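**Student:** Output the structure for:
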Amino acid sequence: MTTHPHAQTRNTSYSYGGKALLYMRINTTLTSGSNMEGEKAASEKPVRNTQLMCAGEEEYVDKRKKIVLESLSSLGIKCAENSVPHIAVLGSGGAERAAVSLLGCLHQMEKDGLLNSVLYLGGVSGSTWSMAYLYGDPEWSITMDRAISRLVDSDVDLGDALSWLCKRANDEDFSLSDIWGLITSAVIMNQMDVRRLSGEASRDATNPYPVYCAIEKNFFRDGPTEGKWFEMSPYEAGFTELGLFVETSLLGSKFESGRLVETLPEMDMIKLQGILGSALASEGAISEFISNQVGKVIDAAHEVYVRVYTTIHKLISLIRKVIKQESELPHLDKLLKLIGDSDEKQQHEHARLQSKSSAEKESFYHQECQNLICVVETWRDDLEEGPLKKFFVFIRKVFNLIMDWEWGTTNNFLYKYQHSDMPDELTSMEDINLMDAGLFINIPYPSFLGEKRDIDLIIALEYSAGDMFETLTLARDYAKELKKPFPEIDEKVLEEKEWPKDFYVFEGKEKVPTIVYMPLFNNKNCKDVDEVKAKMTQFSTFRGPLSKEEINDLLETAKENMKRNKENIIEEIKKASQCRHNKQNTTEFLWKESYEKGETCQDKEVLGQNALSSDSNMEGAEAASEDSVPHIALLGSGGGTRAAVSLIGSLYQLEKDGLLNSVLYLGGVSGSTWSMIFLYQDVKWSLNMEENKSKMMDSNIHWTEKMHWLRKRVDDDDFSLTDLWGLLTCSRVMKQLDQRHLSKEAWREATNPYPIYCAIEKHFFRDGPPEGKWFEITPHEAGFTELGLFVKTSHLGSKFESGEVVEKTSEMDMIHLQGILGSALASERKIREFIFDKVVFIKKILFLIMYWEWGTTNNFLYKYQHPNMPDELTSMEDIHLMDAGLMMNLPYPSFWGEKRDIDLIISLEYSAGDMFVTLIKAKEHAEELKKPFPEIDENVLEEEKEWPKDFYVFEGTEKVPTIVYMPLFNRNNCKDVDEFKTKMDKFDTFRRPFSPEEIKDLLGLAEENMKRNKENIMEEIKKAVTRREKKQK
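**Tutor:** Below is the predicted model of the structure:
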């Protein structure tokens, strides 16, 4: 049996792993498928707005980490499962020089056993050509010999290239991007790759996760920095810094206001290569290129002519490379001579044009362009029928593209998209113009800085021309502008730019990645500065295709660089592993030690004054000192959609009134957890409640997205009604499909209150002791609240025995978690009530759901030895978590006692029926477990339960929290008992999804309740400050 000692069950009544973040927090204060056939894509809203990793990438990376872990072990690097370093290999631009060299580096990394330590592979420009080439093989990272052989020995048949060109030339969006993509694929990389990038999403994690990078042309010239960088991966594509993404399969489809209005085919890898390497699409780059080729141009008309001539000449030379029939070569040689003769005549006239007017020059060069195309067409007409002649049928169309320098555009998925941080220029453009990212930063650093991918080590393979450290300093400046982590650079190192070393390390720390920087030509393979320059000239960026000898030369140079530095790289990987280990344990083991010793957290006092002393929050709160910040918990009750919607309204008003940042914890059961899951997709939701409220109102999920998730889950052994219920609540109620894992929130900043999701264990709810009933799940850990037995949230669902992990399984996603947390119908009693209430559906329900099988979770306490442990719990291989609202419809058990030491609980009561039954149950449960709970006048509750007030206060003491109790329907919004009952019936817990009007009504009611009681809430917060001061003294 293999056990994982770092994944053990925790037994303590103290919390750990997130408390530091908590204190920092206050510091910073199935739509139905019945209409599938005729349903229009216009109902979708598939734009994803977040700085978080998408679920698909997250799942891929988790799988890839298992391969990385094995690789590290084979290298003698000891690494726990939770400290696998995040390593990215980044390839620079540099056209064919970069494409070939990257292959050489990766080949040597595979031979040295290093490649499987890499989590990500990113590229710009030329490096993306070799990436596209490699990923044509689903197992390329273990078959690099084959990849190198194909590059050197393969050829593309002209007929295949012609067939692809025929199809594309008839499309409206045919452009020079297609021509350039065809050249890079067929002529340089020797393959015709008609795959779609999104097709890689279904692969296993044999290879590093690929990220291809581009820039948006208009923003590169004029727009804000945030709008420049664009990334594409198998799962999604979008603007890196804006955090706006769309599924890769939909890139190129038509959107308006964030909704898909027309689905168009995804571009293939040939066109994608044309976009990613389109440096010449930039007017500045093409002007520089022409100047380098022919010297000074006299005006714009002359530049157009030179561009046309140079492009046609290069195109013919490249076609010559893929021609297999030697009998065709003389024809192409003849064409090259004919256009050369035509250009020579033009040059004779060039000198005398200096004195001519602009109109005369323009007319002359326009005619010379026409002469060139006539030469080509006349030559073509004299050819015999065959592939060569067919290829040049398109020459007129290509000529027009060259004249206008027309490169491809892509439909803008953000056209008319409404977002507060969105540049207006971007939303007003129907098309975006993606091009070579190397024009901006020639290594794809922007996609790998910051929290999203949380990289520990970047291995930067530098194949650029010119100043060898320019890309590094550009990236440093970019990071500084956008407040991204980047290591310090010793300015003295930059003095080595003309004759660099072969290996540099720029040390990172904590959240700053270390960068290993490896120039291709260096002082180990070039004896001096002159040889570096000579090599750069030989392998210049814009020269023609390399010969086989030159390709082999570059491959060997790149391999030798990696081979020579194998031990250096391993040393940096070891450091990265230690860095990751430290990151993981800072908020786990250190905090655990601190709390288990009973020590006071020194950081928590830094907490609160931003929220509590702000004038916008409460007058007089300046009296709150650092050591008297109160622990305030906001609790949302169950109540289906009624609770989910109402909690959004309450939180919206709290933010508006400046009170939300006074809250330390947000806890929920049942329906309230649905809106919590919805909100925590946004890393800064507590600052963006207006936007999130709007998102809940306006979003929709297309049935195809639901079916995609369902197909994946239905094949799993543990597929159950929990999955179906989770899918329904996510897509029908909250209108989102959230495939995140809760544990990924553990490393976020403390912008939002700390979330606690509550459930109960079904068997213990029916028969067991009270200590075994309540179960809580947070980003850091999950477990039985009263037993004090917890496990890391990422391990909830894995198989345990005697307190050790014996089989690690994937963590459940938020869809499945939502199904668990709201599974009131998993209770046999509750489903009987529901069925008898809905008799008309009884036959259908009994037929479809005969066995009423809801999901179970592997029991992390199976065979666990502990003196106070109920035997029934240790003997169960599975636990059955379900809706906590069946036991208690507000999550009080997670918030009483010393563990979280709460001063003030604000209870938002959205339950049905007796309005105080939850409060009374909580009091009885607290008495049974000897937990602190305030006194309650039960006579008042009995008199007012059918028509309650909107605000109750049950006063606490120093060790007993005060409870503010706020019923949704009350005397302020219901004129009598009858209206109270009518509203409860209208917004019944188990009814169909609410209409937009009903949602607005509920939001309005919840907001008004909070607004009306703003002063009352502030008064209770002040009292909580006073109680905390007394505690501290």
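
**Student:** ranges for the strands of the stretch 51-200 of the chain?
**Tutor:** 87-91, 120-124 (DSSP state E, counting those that start in this stretch).

**Student:** What is the first one packed up against?
**Tutor:** Secondary structure elements in contact with strand 87-91, counted by 3 or more CB pairs under 8 Å, 6 or more residues apart in numbering; DSSP states H and E, are helix 95-111, strand 120-124, helix 126-134, strand 457-462. In this view, the C-beta of every residue, glycine as well, is placed from N, C-alpha and C.

**Student:** would you list these in JSON lines and tack on mean neighbour count, mean pLDDT and distance to A279?
**Tutor:** Compiled in JSON lines, those are given as follows (neighbours: other CB atoms under 10 Å; pLDDT from 0 to 100; distance: least, CB to CB, whole Å):
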{"stretch": "helix 95-111", "mean neighbour count": "26", "mean pLDDT": "95", "distance to A279": "8"}
{"stretch": "strand 120-124", "mean neighbour count": "28", "mean pLDDT": "97", "distance to A279": "10"}
{"stretch": "helix 126-134", "mean neighbour count": "28", "mean pLDDT": "95", "distance to A279": "9"}
{"stretch": "strand 457-462", "mean neighbour count": "26", "mean pLDDT": "96", "distance to A279": "17"}
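
**Student:** possible to save the ones you listed as JSON lines with distance to T471?
**Tutor:** Shown next, in JSON lines, are the helices and strands packed on strand 87-91 (distance: least, CB to CB, whole Å):
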{"stretch": "helix 95-111", "distance to T471": "12"}
{"stretch": "strand 120-124", "distance to T471": "10"}
{"stretch": "helix 126-134", "distance to T471": "12"}
{"stretch": "strand 457-462", "distance to T471": "7"}
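
**Student:** E368 is nearest to which of those?
**Tutor:** E368 sits nearest to helix 95-111 of all those, at 28.5 Å, using CB to CB.

**Student:** before we move on, back to that, of the strands of the stretch 51-200 of the chain, which approaches E549 most closely?
**Tutor:** strand 87-91 (22.8 Å).

**Student:** From the rest of the structure, what touches the closest one?
**Tutor:** Outside of strand 87-91, the residues within contact range by CB atoms under 8 Å, 6 or more residues apart in numbering are 68, 98, 102, 105-106, 109, 117-124, 126-128, 130-131, 208, 443-445, 448, 453, 455-461, 463, 573, 576.

**Student:** would you list the strands of the stretch 51-200 of the chain in CSV and tack on distance to S185?
**Tutor:** Formatted as CSV, the strands of the stretch 51-200 of the chain follow (distance: least, CB to CB, whole Å):
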stretch, distance to S185
strand 87-91, 17
strand 120-124, 15
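
**Student:** Listing request: residues of the stretch 451-600 of the chain with sub-threshold pLDDT.
**Tutor:** In the predicted model, the stretch 451-600 of the chain carries pLDDT under 70 at residues 584-600.

**Student:** Minimum distance to M144: which of the helices and strands packed on strand 87-91 has it?
**Tutor:** helix 95-111 (4.4 Å).

**Student:** and that closest one, C-alpha only, in CSV?
**Tutor:** The C-alpha coordinates for helix 95-111 follow below in CSV (Å, rounded to 0.1, in the frame of the first residue of the first chain):
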residue,chain,number,x,y,z
ALA,A,95,11.5,32.8,-37.4
GLU,A,96,13.1,29.5,-38.6
ARG,A,97,16.1,30.1,-36.4
ALA,A,98,13.8,29.9,-33.3
ALA,A,99,11.7,27.1,-34.7
VAL,A,100,14.6,24.8,-35.3
SER,A,101,16.5,25.7,-32.2
LEU,A,102,13.5,25.1,-29.9
LEU,A,103,13.2,21.6,-31.4
GLY,A,104,16.9,21.0,-30.6
CYS,A,105,16.5,22.2,-27.0
LEU,A,106,13.5,20.1,-26.4
HIS,A,107,15.1,17.0,-28.0
GLN,A,108,18.1,17.3,-25.6
MET,A,109,15.8,17.9,-22.6
GLU,A,110,14.0,14.6,-23.4
LYS,A,111,17.3,12.8,-23.7
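
**Student:** For it, what is the distance to the chain centroid?
**Tutor:** 28 Å (CA atoms, centre = their mean, to the nearest Å).

**Student:** Spatially nearest residue to A479, not counting backbone neighbours?
**Tutor:** Computed as CB to CB, 6 or more residues apart in numbering, the closest residue to A479 that is not its neighbour in sequence is F486, at 3.6 Å.

**Student:** Sticking with that neighbour, tell me its helix or strand.
**Tutor:** Of the helices and strands defined by DSSP states H and E, none includes F486.

**Student:** List the contacts of it.
**Tutor:** 445, 449, 475-476, 479-480, 512.

**Student:** give me phi/psi at it?
**Tutor:** phi -150, psi 140 (degrees, to the nearest 10).

**Student:** circling back to that earlier point, give me the ChimeraX select line for the contacts of F486, limited to the buried ones.
**Tutor:** In ChimeraX syntax, the buried subset of the contacts of F486 is picked out as below (16 or more other CB atoms under 10 Å):
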select :445,449,475,476,479,512
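
**Student:** At which residues are the strands of the stretch 751-900 of the chain located?
**Tutor:** 754-761, 774-777, 781-784, 789-792, 799-801, 804-807, 857-858, 878-879, 881-883.

**Student:** can you redo those as TSV with distance to S662, mean neighbour count and mean pLDDT?
**Tutor:** Formatted as TSV, the strands of the stretch 751-900 of the chain follow (distance: least, CB to CB, whole Å; neighbours: other CB atoms under 10 Å; pLDDT from 0 to 100):
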stretch	distance to S662	mean neighbour count	mean pLDDT
strand 754-761	14	26	88
strand 774-777	22	24	89
strand 781-784	25	23	89
strand 789-792	27	24	87
strand 799-801	39	19	86
strand 804-807	39	18	83
strand 857-858	35	20	80
strand 878-879	35	18	80
strand 881-883	29	27	78
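
**Student:** With respect to S92, which of the ones you listed lies nearest?
**Tutor:** Among the strands of the stretch 751-900 of the chain, strand 789-792 sits nearest to S92 (CB to CB), with 38.5 Å.

**Student:** Parallel or antiparallel, list what pairs with the closest one.
**Tutor:** If you go by DSSP bridges, strand 789-792 pairs up with strand 10-11 (antiparallel), strand 781-784 (antiparallel).

**Student:** Beta-bridge partners for V964, please?
**Tutor:** I906, V953.

**Student:** got the contact list for it?
**Tutor:** 904-907, 951-953, 1016-1017, 1020.

**Student:** S177: neighbouring residues, count only.
**Tutor:** S177: 30 surrounding residues under other CB atoms under 10 Å.

**Student:** now the closest residue to it other than its chain neighbours: how far from V194?
**Tutor:** Distance criterion CB to CB, 6+ apart; nearest residue to S177, sequence neighbours excluded, is G408 at 3.4 Å. Distance from G408 to V194, counting by CB to CB, to the nearest Å: 17 Å.
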